[in-house]
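> Predicted model follows, preceded by the sequence.
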Amino acid sequence: MRVGDFSVEVVPYREGTVRELETGHVLARPGQIYTLRLRNHGPLRAVAEIDIDGKSVTESRLVLRPWSVTDLERPLRDSEHGRFTVIAEGNERVFGPDGGRDNESLGVIRVSFRRELPRESSAVDPMDEDDVISFSRTLGSFPEPEPPGRPSRFTREWSPPMNFGGAPAGAPSMDRFRKQQPRVVEQDVEGAAGTGLSGHSDQVFVPIHMGPLEKEATVITIRIVIGTEEALAEQSARPLHSNRVPERPAARP
């Protein structure tokens, strides 16, 4: 999905298929290992802040070069080297005692982009080869991923999900916004999904100094769900450009 100078795409790692719908839902099968592909289509450097399932995976933020494509394989934490893996709702070991059923953000990938403000000397400073980013160099070739049967969570300790039930007094009803966006095509979706970690990634990150950033961010939101094998076999639909949060499939027992 693209909004302005930025785009976000879920890309299967090596084998498998994913499919983005016009609703912003990304269909995938359980156990699918994926890479998050971020594109900066503009002439300025930018930083990306990424939340998956309501949890940050870029606590130190990720820097994108101008006119670049960056593939993120894992969280930026030094303690987490597993690859992003699609996990179906109901896995209590990964998502906690409720299996993710009470998490309204389950499956949501939210990426917030902010550009670096131009320097006075030029709109974009030339970059040396070593002036890369906190995006990374990958060392060596990718090893074969381990079977995703024992995925870990982004954090070692699970904490209860936030309460998304309430809304500030006087706030407009979310029902009105939900009716305005395309609904999940139920025959294409088996259920909700989130992200765990499995296998191993050699992706490493290096720090870089950034100047002041613009105040307003460009936000792109997509949601991973479990798609049927038939739906994944169909030709991918052209995704719409929207900043609405794709609807969550109903929780299942």
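Everything's here; your move. Numbers count the residues shown, from 1 in each chain.
> helix or strand right after the lowest-mean-pLDDT helix or strand in the chain?
Taking mean pLDDT, DSSP states H and E as the measure, the chain has helix 174-180 as its least confident helix or strand, at a mean of 43. Using DSSP states H and E, the helix or strand that follows helix 174-180 in sequence is strand 189-198.
> Dump that following strand to PDB, restricted to CA.
Below are the C-alpha coordinates for strand 189-198, written out as PDB (Å, rounded to 0.1, in the frame of the first residue of the first chain):
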ATOM      1  CA  VAL A 189     -10.700 -15.100   5.300                       C
ATOM      2  CA  GLU A 190     -10.400 -18.000   7.800                       C
ATOM      3  CA  GLY A 191      -9.700 -15.900  10.800                       C
ATOM      4  CA  ALA A 192      -7.500 -13.400  12.600                       C
ATOM      5  CA  ALA A 193      -3.700 -13.600  12.800                       C
ATOM      6  CA  GLY A 194      -0.800 -12.000  14.500                       C
ATOM      7  CA  THR A 195       3.000 -12.100  14.200                       C
ATOM      8  CA  GLY A 196       5.500 -14.100  16.200                       C
ATOM      9  CA  LEU A 197       9.100 -14.900  15.500                       C
ATOM     10  CA  SER A 198      10.700 -18.100  14.200                       C
END
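> other SSEs contacting it?
strand 25-28, strand 83-88, helix 92-95, strand 218-227 (3 or more C-beta pairs under 8 Å, 6 or more residues apart in numbering; DSSP states H and E). To be clear about C-beta, it is placed using only N, CA and C from the backbone, and glycine gets the same treatment.
> let's go with 6 Å and repeat that
For strand 189-198, the elements it packs on are strand 83-88, strand 218-227, judged by 3 or more C-beta pairs under 6 Å, 6 or more residues apart in numbering; DSSP states H and E.
> what residues does the first one touch?
Think strand 83-88. Applying C-beta atoms under 6 Å, 6 or more residues apart in numbering, the external contacts of strand 83-88 come out as 28, 30, 32-34, 73-74, 94, 148, 151, 193-196, 198-199, 201, 224, 226.
> For ChimeraX, write a command that selects the buried ones of those residues.
Here is the ChimeraX command that selects the buried residues among the contacts of strand 83-88 (16 or more other C-beta atoms under 10 Å):
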select :28,32,33,34,73,74,94,148,151,193,194,195,196,198,199,201,224,226
